[in-house]
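J.: 3D model of this:
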Amino acid sequence: MSEPPSTQKTVSTPQSLSHAPVGRTRLRTLFLISAAYVAVGANVQGFRALFPFVLQDFTITRGQAGLYTSFFFLSATGAALVAGRAIDRLGAKAGLLLGVGCVGVLMALHAVAPWYGLLLALAFAAGAGFSVVTPAVNLGVMEAVTSGRRALYMGVAHSGGGVGGFAGAILLPLVGGLVGWRGAVLVSGAFALLMGLTIQLFYRGGKGQVSTELADQPKLSRLLLGVVKDRRLLRVGMFGLCLGMTMSAVSTHFALFLHQDLGLTETWAGLGLAALLLGGAVGPPGWGWVSDALLRGDRRRGLSLLGVAAAIMCLVFGLLVATLHMPLPLLFLLSVGLGFVSFSGPGLYFTTISEMAPAGRTGITTGLALIFARVGVMVSPPLFGALADLSGTYQASWLALACVILVFTGAYRYLSRA
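T.: Numbering: from 1, shown residues only. Below is the predicted model:
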């Protein structure tokens, strides 16, 4: 980052780092940490791939479909600060188990929802459970990695969401075509519980902070005041808002865009979403490597380039894909490219945030950063869908999103200059 150095201590490695795993043990730890995101991604993104089935069952509009994501992340945003503080106390492993278990049970309960309003209530409850996953993942990575490759390893951990989402987007529509979407969410919920059992049996890290460190933590009101005063965090958080808007709008509506605008069947639309999430799986570690190796740890430049690339891909979908009849291989290839830039942000974003965190406060600093990102996650899907309802297609939605990304990227680049 090229911003002026902070007056606060920015070493974010807790005491447990003195015994950080290395080599194969480190990779094994990272893959176990990412298993939580695999489970959550398979459920959340997989359910989005089932939206064409859900729309037919409940007869709802595209704007109403976008409310599902908003309700899920409304509770996740409200609980972000408390979740981050709890992770610093309980440790990474407890947070991973709690988050995955809650999401698995509540997603399985989607199968018995008789009306769409109850689905929104279940989404709200699942979002509260999900709120502890990201702080737990970030703390686990910061404990496991002490080298200069944190963006790469953080990207590996966060890519679990893309891997799980890719699998869910491919498999759940196929299962939904055989046994209905309700049977499909039962399968995805059981998978989350299986991932939780795997973490319980094999993950050995994340024991939480010692009592002296806990006593030294300020109250939540003081932490909120610290956010307002920390201009570096506010600048990066503003860009996190943009990242959340982009990821949420694209992932929520992509299957519907392919089905309703381009005429793909429900199954092919789910496979198109899987192609998007395939790009999202390889994007975070790939962009993390670019930031660490090619940009020499310049997080500001990495985030700026990522924003420009995402805007360009949205323009491609708004100007070309939405208007031209493309063969499926080319369409899916572009979907992979869109996912690569749209879902690469979390790894780099949370690396930047975690590197700013004072010692022993990675979890709660992540919670603060999540507020920015999840506000974007909440507001963009209904607006993206409502604009499509008004215009009749998603073309205007793509173009509007591209303009928003460029504005936020330019503002971040200007305000964070040296």
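
J.: Show me the shaky parts of this structure.
T.: Counting by pLDDT under 70, the chain has low-confidence residues at 1-23, 146-148, 205-230, 357-364, 418.

J.: Quick check: phi and psi on the residue lying closest to R150 once chain neighbours are set aside?
T.: Setting aside the residues directly before and after it, R150 is nearest to T351 in space (Cβ to Cβ, 6 or more residues apart in numbering), at 5.2 Å. The C-beta positions use only the backbone N, C-alpha and C, and glycine is treated the same way. Main-chain dihedrals, T351, degrees, to the nearest 10: phi -60, psi -50.

J.: how many neighbours does T351 have?
T.: By the criterion of other Cβ atoms under 10 Å, T351 has 29 neighbours.

J.: again, but for the one 4 residues further on
T.: Applying other Cβ under 10 Å, we find 20 residues neighbouring E355.

J.: how much space between it and S131?
T.: 22 Å (Cβ to Cβ, to the nearest Å).

J.: what does R300 give?
T.: For R300 relative to S131 (Cβ to Cβ), the value is 28 Å.

J.: Of those two, which one has the most company?
T.: S131 (30 against 22).

J.: Quick check, the more buried one in contact with F73.
T.: No: using Cβ atoms under 8 Å, S131 is not in contact with F73, being 9.1 Å away.

J.: Can you tell me the closest non-neighbouring residue to L152?
T.: Here the residue nearest L152, using Cβ to Cβ, 6+ apart, is G288, at 4.1 Å.

J.: The nearest residue to I353 once chain neighbours are set aside is in what secondary structure piece?
T.: Counting by Cβ to Cβ, 6+ apart, I353 lies nearest to A369, which is 4.3 Å off, once chain neighbours are set aside. Under the criterion of DSSP states H and E, A369 resides in helix 362-391.

J.: Could you identify the helix or strand that succeeds that helix?
T.: Next along from helix 362-391, by DSSP H and E: helix 395-415.

J.: so who does V187 touch?
T.: L171, L172, V175 (Cβ atoms under 8 Å, 6 or more residues apart in numbering).

J.: can you rerun that using 10 Å?
T.: A42, N43, G46, M107, A108, A111, G168, L171, L172, V175, G176, V179 (Cβ atoms under 10 Å, 6 or more residues apart in numbering).

J.: ok, now how distant is the third one from G176?
T.: This means G46. Distance from G46 to G176, by Cβ to Cβ: 9 Å.

J.: For the two, indicate the residue with more neighbours.
T.: Applying other Cβ under 10 Å to G46 and G176 shows that G46 carries more neighbours, namely 31 against 25.

J.: Touching, the more buried one and G165? I think so.
T.: Yes: between G46 and G165 there is a contact under Cβ atoms under 10 Å: 6.9 Å.

J.: which residues are in contact with both of the two?
T.: With Cβ under 10 Å, 6+ apart as the test, G46 and G165 both reach L273, A274, L277.

J.: okay, now the second one: neighbour count?
T.: By the measure other Cβ under 10 Å, the count of residues near A274 is 26.

J.: tell me what the helix or strand where it lies is packed against?
T.: Element membership for A274, per DSSP H and E: helix 266-289. In terms of contacts (3 or more Cβ pairs under 10 Å, 6 or more residues apart in numbering; DSSP states H and E), helix 266-289 is packed against helix 23-49, helix 51-58, helix 150-202, helix 231-256, helix 299-316, helix 328-342, helix 345-356.

J.: now the angle between helix 266-289 and the second one, please.
T.: Pointing back at helix 51-58 there. 140 degrees (axes from the mean of the first three to the mean of the last three Cα atoms, to 10 degrees).

J.: tell me what helix 51-58 is packed against?
T.: helix 62-78, helix 116-130, helix 150-202, helix 231-256, helix 266-289.

J.: Please state the offset of the longest one from the chain centre?
T.: The chain centroid and the centroid of helix 150-202 are separated by 14 Å, computed with Cα atoms, centre = their mean, to the nearest Å.

J.: Likewise for stretch 396-416?
T.: For stretch 396-416, the distance to the chain centre is 19 Å (Cα atoms, centre = their mean).

J.: and what of stretch 186-203?
T.: Distance, centroid of stretch 186-203 to centroid of chain: 19 Å (Cα atoms, centre = their mean).

J.: ok, now stretch 391-408?
T.: That offset, for stretch 391-408, works out to 20 Å (Cα atoms, centre = their mean).

J.: and it, which residues are buried?
T.: Across stretch 391-408, burial judged by 16 or more other Cβ atoms under 10 Å covers 393-402, 404-406, 408.

J.: Which pair of those spans the longest distance?
T.: T393 and F408 (24.4 Å; Cβ to Cβ).

J.: In contact with Y203, which residues?
T.: Y203 neighbours (Cβ under 10 Å, 6+ apart): R28, T29, F31, L32, I33, A35, A36, A92, K93, L96, L97, G140.
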